[in-house]
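J.: after the sequence you'll find the predicted model.
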Amino acid sequence: MSHSQQRTSDDGGRRGALVISLDFELHWGVYDHCPADSPYRANLLGARRAIPRLLDLFEEFGVAATWATVGFLFAESRDELLQFAPERRPSYRNEALNPYAAEIGHSEADDPLHFAPSLIAEIRRRPFQEIGCHTFAHYYCLESGGGIGAFRADIESAVRLARRRDVHLTSLVFPRNQITAEALAVLPSLGFKAYRGGEQGWMYNVRPGSRNRLHRRVGRFLDQYGASISRLVDWEELDDDSKLSNVRGSLFLRPFLPSQPALNAFRFSRIARCMRQAAATGRLFHLWWHPHNFGSNTELNLAELRRLLMVFAECRNRFGFRSISMAGAASAAHGGPHPLETAFSSTMAGVPSLT
């Protein structure tokens, strides 16, 4: 019996798996600190060019991904966005966080930073891709002036607009990982089965308004590049709640730094090590990032991702390592079908490997 066969029989079919999620938000994710005409505009526009290239890579390697999408991006026009906007909205004490005050265009044609129905359609067209939810209006659960009633109304709007596009949302990523027990309690009644919990460690403990606090930023930076411990997810963690699985994040994929080859090497080796550990021990490794992280140095970032997916292919061939969306992970954790299993035999034949 091979190593991968032994692992499968020992864990009841719960082999190790790579989970990828992307926070798809364009300008809605940074509007409070990056004006639409700021230098970061180039990254946001670059994300639109990077997304089809990411999809090409995922398709080439047979990789699933969950695209946690801000609901505003589904709208085909400003009128449609306002039509689906909830009547009950947050009243953040920090007015810069209010997305409803943003000046936006009429549609994707004249405002590619705030509308993206064509990109959503492209994601849906590709195999193994899940459209998830990043709330309707990039909702901040921990900021003063929110409230659980406004949060529920926000998610209801996201669900309704997605359904207009024939998308059924079952996975959610909280903006800036601001998670509360009250918000989690709302999700099952609205059809959600999975969410991405925050990474482990003091530097990832989210506080209101804490995005730019220096000590946390330094701690995250050092952890992402230099820490030796892995952040793998045990399948049992997804079983803790029968209604809503926490598909906890493992690592954020920081963008490639052309001027820092040593840091790039640390980052790559750590992610590759985590992936191999997950494959060998039958656990999950959840890698996440934003498409706009690939909006500059796009070719270098894509080349690095290709190298990582080659490691995934090696792990798949050696251990039966899988690629799985957040929804697929939640389903598998509770004994449901894995959506890629029937497609592997025909899709994987031509995928390259390091072995």
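T.: Received it, and whenever you're ready, just let me know what you need.

J.: contacts, neighbours, all on C-alpha from now
T.: Noted.

J.: what lines up beside the biggest strand by length in the chain in the sheet?
T.: Ranked by number of residues, the top strand in the chain under DSSP state E is strand 17-24. Here strand 17-24 is paired, per DSSP bridges, with strand 65-69 (parallel), strand 284-289 (parallel), strand 322-324 (parallel).

J.: let's have the ones you listed in a markdown table, adding distance to residue 260, mean pLDDT and mean neighbour count.
T.: Output for the strands paired with strand 17-24, formatted as a markdown table (distance: least, CA to CA, whole Å; pLDDT from 0 to 100; neighbours: other CA atoms under 10 Å):
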| stretch | distance to residue 260 | mean pLDDT | mean neighbour count |
| --- | --- | --- | --- |
| strand 65-69 | 28 | 98 | 27 |
| strand 284-289 | 19 | 97 | 24 |
| strand 322-324 | 30 | 96 | 28 |
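
J.: residue 310: which of these is closest?
T.: The closest of these to residue 310 is strand 322-324. By CA to CA, the value is 12.7 Å.

J.: could you point out which element follows that closest one?
T.: Moving toward the C-terminus from strand 322-324, the next helix or strand (DSSP states H and E) is helix 326-333.

J.: with distance to residue 82 added, can I get the strands paired with strand 17-24 in JSON lines?
T.: Converted to JSON lines, these look like this (distance: least, CA to CA, whole Å):
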{"stretch": "strand 65-69", "distance to residue 82": "17"}
{"stretch": "strand 284-289", "distance to residue 82": "28"}
{"stretch": "strand 322-324", "distance to residue 82": "34"}
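
J.: tell me where the stretch 51-200 of the chain has strands.
T.: Per DSSP state E, counting those that start in this stretch, the stretch 51-200 of the chain carries strands over the ranges 65-69, 129-133, 171-172, 194-195.

J.: for the last one, which strands pair with it and how are they oriented?
T.: I take that to be strand 194-195. The strands that strand 194-195 pairs with in its sheet are strand 171-172 (parallel), strand 245-246 (parallel) (by DSSP bridges).

J.: let's see stretch 147-159 as CSV, backbone CA atoms only.
T.: Coordinates of each C-alpha in stretch 147-159 appear next as CSV, following Å, rounded to 0.1, in the frame of the first residue of the first chain:
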residue,chain,number,x,y,z
GLY,A,147,-24.3,46.9,14.7
ILE,A,148,-25.7,43.4,14.1
GLY,A,149,-28.9,44.6,12.4
ALA,A,150,-27.0,46.6,9.8
PHE,A,151,-24.7,43.6,9.3
ARG,A,152,-27.6,41.3,8.6
ALA,A,153,-29.1,43.7,6.2
ASP,A,154,-25.8,44.0,4.4
ILE,A,155,-25.4,40.3,4.0
GLU,A,156,-29.0,40.0,2.8
SER,A,157,-28.3,42.5,0.1
ALA,A,158,-25.2,40.6,-1.0
VAL,A,159,-27.2,37.3,-1.2
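
J.: just the buried residues of that stretch, please?
T.: Buried positions in stretch 147-159, judged by neighbour count with 16 or more other CA atoms under 10 Å: 147, 150, 151, 152, 153, 154, 155, 156, 157, 158, 159.

J.: could you do stretch 58-67 as well?
T.: For stretch 58-67, burial by neighbour count (16+ other CA under 10 Å) applies to 58, 59, 60, 61, 62, 63, 64, 65, 66, 67.

J.: list of residues touching that stretch?
T.: 19-24, 126-133, 171, 309, 313, 323-327, 344, 347-348, 351-352 (CA atoms under 8 Å, 6 or more residues apart in numbering).

J.: tell me the buried residues within those residues.
T.: Buried residues within the contacts of stretch 58-67, counting neighbours by 16+ other CA under 10 Å: 19-24, 127-133, 171, 309, 313, 323-327, 348.

J.: circling back: and the buried residues of stretch 147-159 as CSV, adding pLDDT and distance to residue 303?
T.: Below are those laid out as CSV (pLDDT from 0 to 100; distance: CA to CA, whole Å):
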residue, pLDDT, distance to residue 303
147, 93, 43
150, 98, 42
151, 98, 39
152, 98, 40
153, 98, 41
154, 98, 37
155, 98, 36
156, 98, 39
157, 98, 37
158, 98, 34
159, 98, 35
